[in-house]
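> here's my sequence, what's the structure:
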Amino acid sequence: MTKNIRNAVIFTDMDATLLDHDTYDWAPAAGALAALAERDIPVCLCTSKTVAEVRDWQARLGLHTPFASENGGVVAVPAGYFESCPPTTDAEWQTTTLGKPREALCALAYRLREQRGYRFTGFAEMSIADIGAATGLGRHAAARAAQRQASEPLLWQDSDQAAAAFSREIEAAGAMTRRGGRFLHVLGHADKADALAWLRVRYEARGAILAIALGDSENDRAMLAAADIGYWVARTDGRYYAPATGTIRHAPGIGPAGWAAAINALIDRAEL
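Just a heads-up that it's a prediction; the model follows:
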């Protein structure tokens, strides 16, 4: 195994970044993931997916590392991974909620819809079949996607102007919204950047780390800014969500191919 000389940690979005937007395929990133594993560099998934979904994906990707789910509303750590994490009744995972409970977020979002007439459909209103149709997931995967703790994804069916007004009202009420690849997410005041910071404190109890973050959407912006090096991965149309500025770069490629290109460039330049 090659030594991780920079004590790097990768924080990465999943959909349309590590995974293909349409097929959820990650094969183009497999070689880069193997190179990170060889260097003993942890890969922490930071995603809108639920704990149940991420644990399933961790098994597929061969990862046993901390992760953030529901856009940073929840962090999960393998039991015993960090000495500073408190004991838990779960023999395998220690889970901490950073945001607000889903019930409070749903009450807020649906009350605003009733009062203002916003047009959207939330996960709480959808059947498993509806969630599958909206996401392209199979039945079992859609059932895992429905197991939310600290967020409510909305299938937005109104204008961008209405979305902006809705977001302002959500923020005025003490919560916030984040746009992902498919949904407008309502969550408490904890996002992927907060999850990165929470995990960074615990990693740095062992020594300073080089935090590298990759994403493609609005809900990744704060995480990329909070990292030492951030990468925008190109979206399906080949465009980037935002310019490359300061410590934030553009990965040369779309989805998992762009993700792999960014990781390989870091390795080639001896930044990892």
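> need phi/psi at residue 42.
With angles defined as degrees, to the nearest 10, residue 42 sits at phi -70, psi 140.
> SS state for the closest residue to it other than its chain neighbours?
Distance criterion CB to CB, 6 or more residues apart in numbering; nearest residue to residue 42, sequence neighbours excluded, is residue 65 at 4.6 Å. Just so you know, the C-beta spots here come from the backbone N, C-alpha and C atoms, and that holds for glycine as well. Look at residue 65: counting by DSSP: H, G, I helix; E, B strand; the rest coil, its state is coil.
> and residue 65, how far from residue 269?
From residue 65 across to residue 269, the span is 24 Å (CB to CB, to the nearest Å).
> quick one: residue 124 and residue 152 touch, right?
Yes. With contact defined as CB atoms under 8 Å, residue 124 reaches residue 152; the gap is 6.3 Å.
> helices along the stretch 151-272 of the chain, start to end?
All helices of the stretch 151-272 of the chain, identified by DSSP state H, counting those that start in this stretch, fall at 160-172, 192-203, 221-226, 255-268.
> got it, and the stretch 1-150 of the chain?
Using DSSP H, counting those that start in this stretch, helices in the stretch 1-150 of the chain cover 30-38, 51-61, 102-116, 128-135, 139-145.
> shared neighbours of residue 124 and residue 152, which are they?
The contact sets of residue 124 and residue 152 overlap at 102, 106 (CB atoms under 8 Å, 6 or more residues apart in numbering).
> between the two, which has more neighbouring residues?
Taking other CB atoms under 10 Å, residue 124 and residue 152 do not tie; residue 152 has more neighbours (26 against 16).
> residue closest to the middle of the chain?
For the chain, the residue nearest the mean C-alpha position is residue 47 (1.8 Å; CA atoms, centre = their mean).
> can you tell me how far the residue lying closest to that residue once chain neighbours are set aside is from residue 201?
Spatial nearest neighbour of residue 47, chain neighbours left out: residue 14 (4.2 Å); criterion: CB to CB, 6+ apart. Going from residue 14 to residue 201 by CB to CB gives 23 Å.
> those two: which is more packed in?
Between residue 14 and residue 201, counted using other CB under 10 Å, the more crowded position is residue 14 (24 against 11).
> isn't the more buried one right up against residue 44?
No. In this structure, residue 14 is not within contact of residue 44 by CB under 8 Å, at 11.2 Å.
> before we move on, back to that, and the pLDDT at the residue nearest to the centre of the chain?
Predicted confidence (pLDDT) for residue 47: 95.
> residue contacts, it?
With CB under 8 Å, 6+ apart, residue 47 has these contacts: 13-15, 53-54, 67-69, 71.
> ditto for residue 26
When contacts are counted by CB under 8 Å, 6+ apart, residue 26 touches 18-20, 33, 60-61, 256.
> ok, of those, which one's closest to residue 224?
Checking the contacts of residue 26 against residue 224 by CB to CB gives residue 18 as the nearest, at 14.3 Å.
> hmm, that closest one is touching residue 11, no?
No. Counting by CB under 8 Å, residue 18 does not reach residue 11; the two are 11.1 Å apart.
> what bits of the stretch 1-150 of the chain have low per-residue confidence?
For the stretch 1-150 of the chain, applying pLDDT under 70 flags the ranges 1-6, 84-91.
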